[in-house]
Structures are given as C-alpha cells and as structure tokens.
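Colleague: This is a predicted model, with the sequence first.
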Amino acid sequence: MAPHGRICHYALRPEAEGDYPVSDDDKSTLWTRLREDFNAHGRDVTRPGLHALLVHRFGVWRMTLQPRPLRMPFSALYRAMFTVVRNVYGIEVPDSVRVGRRVVFEHQGGIVVHGATVIGDECIIRQGVTLGLRNMQNLQDAPTLGRGVSVGAGAKVLGKVRVGDGADIGANAVVLHDVPAGALAVGIPARVVARRPRGQPSTQPLVAVRDSDTN
C-alpha cells in the first residue's frame, strides 16, 4: 500500500502491457467517461462510489496537462479531493490505478486499491474490498481484474493475480491465485467452485467443477 499521507504512483507492469482489460479509446473524452460513470451508478449523483470515480478520472486527466507548472494547481486540487474521498468515504483509489469504463463502486467503506492494480471495464467493487499486495517484497505485484468481474463485500485479492472476464469473487474470499474467466471463487484461501460453460449467458446458473479441473 502507499505510505501513510502520500499518494504514490506506480509504473505499469511491463509484462502486462497490451493485455489490459481496459478500453483505451483515444476519442473518448473525460466528459464521456464521467457520463458513463454517472449512468453506471444509476444516475444518482449522491453515490460515494461515483464521487470516488470522478476524483480518479480527474486525477488521470490532470496528468495530461503540460507544462508541469500549468498542472500544479490541478494536482493540488486532486490531492485535496483524493484525501476527502479516502477519509470520508473510505474509498482509496490512486490515480495510477488503471480503471476501465462503467466500473461501479457499489458501496463505500473500507475499499483499498493498490496503485498498480488494473480494474477492467464494467467491474463491480463492493464495500470492504482490498485489491493489493501479498507481501512487501514485491511492491508492483498487484491484481488485474478482467472485464465484468464482480467482487463481493469484504473480499481480498492479493498479489499478482489475474481474475478472468466475468468471474465472481464471493464475499469475504481471499484470492491468492488466478481465477478463470466466468468462474466463482469462494473461501479462505479462495478456490474455484463453479464455472459457466463457454458461451453460456451469465443469467444461467453456474455449474460445479472439481478442484482438479482448475489445476
């Protein structure tokens, strides 16, 4: 995690470049992203999760301003807003986090995201979730969530873990290893207990799989 009282920036993991579950549309403006966030949060401007995303998007945008002296007042404003969101809402998402489009922070409180984390498009993050380090020896080893991942309340995803597209992480699960696309992971430590057959709509029930199927 970032040292107390500081907002740290982390380099992107080189081996993951080009393989992010995040839409990089150069034509999409800051306002386009904010409008999508607003719609994804039920068009409710009072939602703390929406406020956290607005501050995050602003923090990312302000880094595009050149030269640096022009950016400095925007950076000061960002840091102030980041501190308010962290201390009041309990949502800590540094601007170095790669956040996809239409991501939803469903509830506030106890949400901590490491600065090198990648959150794919249309993910849902609930209260008490930590996306962070497994140990202090590998400070860049943060999780990558694929598109459409749902993370249950109180879940922890720790280390250089990749959660596949459409996977579900159960409440209070502790994920220490990769989770396949479309799978359900539960428990401490988390294990895969179900998976959607390929091509099956997400509205259909998951089917059980043996532990040996996930090895």
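Modeller: Arrived safely. Numbers count the residues shown, from 1 in each chain.
Colleague: Make sure Val22 is actually in contact with Thr117.
Modeller: No. Taking Cβ atoms under 8 Å as the definition, Val22 is not a contact partner of Thr117, at 11.2 Å. C-beta here means a position set from N, CA and C on the backbone, and glycine is covered the same way.
Colleague: overlap in contacts of those two?
Modeller: Common neighbours of Val22 and Thr117, using Cβ atoms under 8 Å, 6 or more residues apart in numbering, are Arg98.
Colleague: my read: Arg134 touches Lys156, true?
Modeller: No. Counting by Cβ under 8 Å, Arg134 does not reach Lys156; the two are 9.7 Å apart.
Colleague: Look at those two and report which has more neighbours.
Modeller: Comparing Arg134 with Lys156 by neighbour count (other Cβ atoms under 10 Å), the higher total belongs to Lys156, at 22 against 16.
Colleague: beta partners for that one?
Modeller: Using DSSP bridges, the beta-bridge partners of Lys156 come out as Thr130, Val174.
Colleague: quick one: it and Gly170 touch, right?
Modeller: No. Under the criterion of Cβ under 8 Å, Lys156 makes no contact with Gly170, lying 11.4 Å away.
Colleague: Most remote residue from the middle of this protein, which is it?
Modeller: Relative to the C-alpha centroid of the chain, counting by Cα atoms, centre = their mean, Pro69 is the outermost residue, at 30.3 Å.
Colleague: Ramachandran coordinates for it?
Modeller: Phi and psi for Pro69, reported as degrees, to the nearest 10, are phi -60, psi -30.
Colleague: partners of the residue nearest the centre of the chain in the sheet?
Modeller: Of all residues in the chain, the one closest to the mean position by Cα atoms, centre = their mean is Ile119, 3.5 Å from it. Under the criterion DSSP bridges, Ile119 forms beta bridges with Val99, Leu145.
Colleague: wait, what's in contact with it?
Modeller: By Cβ under 8 Å, 6+ apart, the neighbours of Ile119 are Val22, Val97, Arg98, Val99, Gly100, Val103, Val113, Ile125, Leu131, Leu145.
Colleague: roughly how far apart are it and Phe105?
Modeller: Look at Ile119 and Phe105: by Cβ to Cβ, to the nearest Å, they are 10 Å apart.
Colleague: tell me, what's touching these two both at once?
Modeller: Common neighbours of Ile119 and Phe105 (Cβ under 8 Å, 6+ apart) are Ile125.
Colleague: Model confidence score at Ile91, please.
Modeller: What the model reports for Ile91 is a pLDDT of 98.
Colleague: What is the neighbour count of it?
Modeller: 27.
Colleague: now Phe58
Modeller: Residues near Phe58, counting by other Cβ under 10 Å, number 17.
Colleague: Checking my notes, it in a helix, right?
Modeller: Yes. Using DSSP: H, G, I helix; E, B strand; the rest coil, the secondary structure at Phe58 is a helix.
Colleague: Excluding chain neighbours, what is closest to it?
Modeller: Tyr78 (5.9 Å; Cβ to Cβ, 6 or more residues apart in numbering).
Colleague: Then Arg195?
Modeller: Ala183 is the one closest to Arg195 (Cβ to Cβ, 6+ apart), at 4.6 Å.
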